[in-house]
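Trainee: coords below, sequence missing:
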């Protein structure tokens with residue numbers, strides 16, 4: 001028998017009624033299950049609002065997944081907290097939800113929202129304190145924003161050096177929410193803008209008193225690195241006395257600035273460091289260094305403009321951090337022998 005004849009015979013065979021009924025029943029059951037599954041999915045996993053617009057959803061530092069889920073439900077991004085918890089488990093790689101900002105929309109289904117929150121954020125929280133040099137800030141931005149090594153170098157050598165006066169110390173220590181796709185140059189400008197806004201009243205006061213604003217920032221950066229929180233004014237008074245006497249400032253923090261390197265930006269200074277050839281060596285050069293060495297706090301800027309009145313020229317901090325000052329070098333040596341030996 002040829003193949004064509006075999007096919008023709010098969011086509012002529014009529015199915016029995018007993019074969020038809022189970023097939024129809026199975027088809028009806030399958031369609032019902034499919035429709036039921038789709039309705040169940042739409043009820044719990046579907047978009048909370050098909051016409052919702054994309055907005056920024058902010059995850060605060062230290063927020064738990066439970067707290068974030070509750071906020072998603074409250075803000076109308078998801079229909080079911082339980083459904084989101086189940087969906088997030090599919091995408092979570094053990095990191096949880098990272099702090100930062102995410103682009104979400106109520107028009108996204110729960111699986112899409114869970115996947116987005118399991119990915120790196122679009123906006124990253126970046127926090128750094130006062131007393132940091134710009135290379136430290138760069139290291140942090142590399143980790144938080146995912147910068148490349150080329151972008152890090154660009155930040156240090158170009159973006160933070162628009163002029164001699166803005167090369168260092170003008171990046172206000174604070175908490176920022178920064179888009180991860182912003183260029184290093186834009187981030188540098190944003191941080192400088194924040195510094196300008198915060199210190200505007202002090203800049204105005206310096207101008208009124210005829211003190212160069214760059215000198216105030218530079219002196220404040222030394223105070224930030226040298227003084228404890230409760231003795232900034234006295235350290236400022238001593239440094240101003242040295243400047244007026246045209247003697248070296250002899251600030252150890254400038255030696256640290258000279259020697260600082262990746263992994264140890266503020267090394268413990270040694271006696272040999274006082275002989276280093278650098279314009280920042282305040283043991284060899286009189287006056288302020290060429291530019292700030294770190295970003296000063298409000299307290300340090302205020303202290304630079306409002307120093308304590310003192311006759312002291314020398315100072316040390318003992319092992320407890322308490323300051324001891326003296327009017328003469330002999331008195332300074334006595335303090336060293338008494339408190340540091």
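Mentor: Sure, I can see it. Here the structure is a predicted model, which is why all the values come from computation and not from measurement.
Trainee: tell me the contacts of the most centrally placed residue in the chain?
Mentor: Residue closest to the average C-alpha location in the chain (C-alpha atoms, centre = their mean): residue 126, at 1.4 Å. For residue 126, the contacting residues are 140, 141, 144, 145, 175, 176, 177, 178, by C-beta atoms under 8 Å, 6 or more residues apart in numbering. Heads up, the C-betas are built off the backbone N, CA and C, glycines and all.
Trainee: In stretch 282-299, which residues are buried?
Mentor: Under the neighbour-count criterion of 16 or more other C-beta atoms under 10 Å, stretch 282-299 has 282, 283, 288, 289, 291, 292, 293, 294, 295, 296, 297, 299 buried.
Trainee: Helices of this protein, start to end?
Mentor: 3-12, 17-44, 65-74, 81-91, 110-117, 134-145, 149-154, 184-209, 213-226, 232-244, 252-259, 298-305, 329-339 (DSSP state H).
Trainee: so of those, which one's packed in deepest?
Mentor: Compared across the helices of the chain, helix 213-226 shows the largest average neighbour count, a mean of 24 (mean count of other C-beta atoms under 10 Å).
Trainee: I'd like the distance from it to the chain centre, please.
Mentor: 23 Å (C-alpha atoms, centre = their mean, to the nearest Å).
Trainee: That helix packs against which elements?
Mentor: If you count contacts as 3 or more C-beta pairs under 8 Å, 6 or more residues apart in numbering; DSSP states H and E, helix 213-226 packs onto helix 184-209, helix 232-244, helix 252-259, helix 298-305.
Trainee: now it and helix 252-259, what's the angle there?
Mentor: If you take axes from the mean of the first three to the mean of the last three C-alpha atoms, to 10 degrees, helix 213-226 sits at 100 degrees to helix 252-259.
Trainee: Name the residues that touch helix 213-226?
Mentor: 130-131, 165, 168-170, 202-203, 206-207, 232, 235-236, 239-240, 249, 251-254, 256, 266, 288-289, 291-297, 300-301, 303-305.
Trainee: What of stretch 269-280?
Mentor: For stretch 269-280, contacts defined as C-beta under 8 Å, 6+ apart pick out 252, 254-259, 281, 283-285, 289-290, 293.
Trainee: I'd like those residues laid out as JSON lines, including pLDDT and distance to residue 118.
Mentor: Below are the contacts of stretch 269-280 laid out as JSON lines (pLDDT from 0 to 100; distance: C-beta to C-beta, whole Å):
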{"residue": "252", "pLDDT": "95", "distance to residue 118": "47"}
{"residue": "254", "pLDDT": "97", "distance to residue 118": "46"}
{"residue": "255", "pLDDT": "97", "distance to residue 118": "47"}
{"residue": "256", "pLDDT": "97", "distance to residue 118": "42"}
{"residue": "257", "pLDDT": "97", "distance to residue 118": "42"}
{"residue": "258", "pLDDT": "97", "distance to residue 118": "45"}
{"residue": "259", "pLDDT": "96", "distance to residue 118": "43"}
{"residue": "281", "pLDDT": "97", "distance to residue 118": "51"}
{"residue": "283", "pLDDT": "95", "distance to residue 118": "54"}
{"residue": "284", "pLDDT": "94", "distance to residue 118": "55"}
{"residue": "285", "pLDDT": "95", "distance to residue 118": "54"}
{"residue": "289", "pLDDT": "96", "distance to residue 118": "47"}
{"residue": "290", "pLDDT": "94", "distance to residue 118": "47"}
{"residue": "293", "pLDDT": "97", "distance to residue 118": "41"}
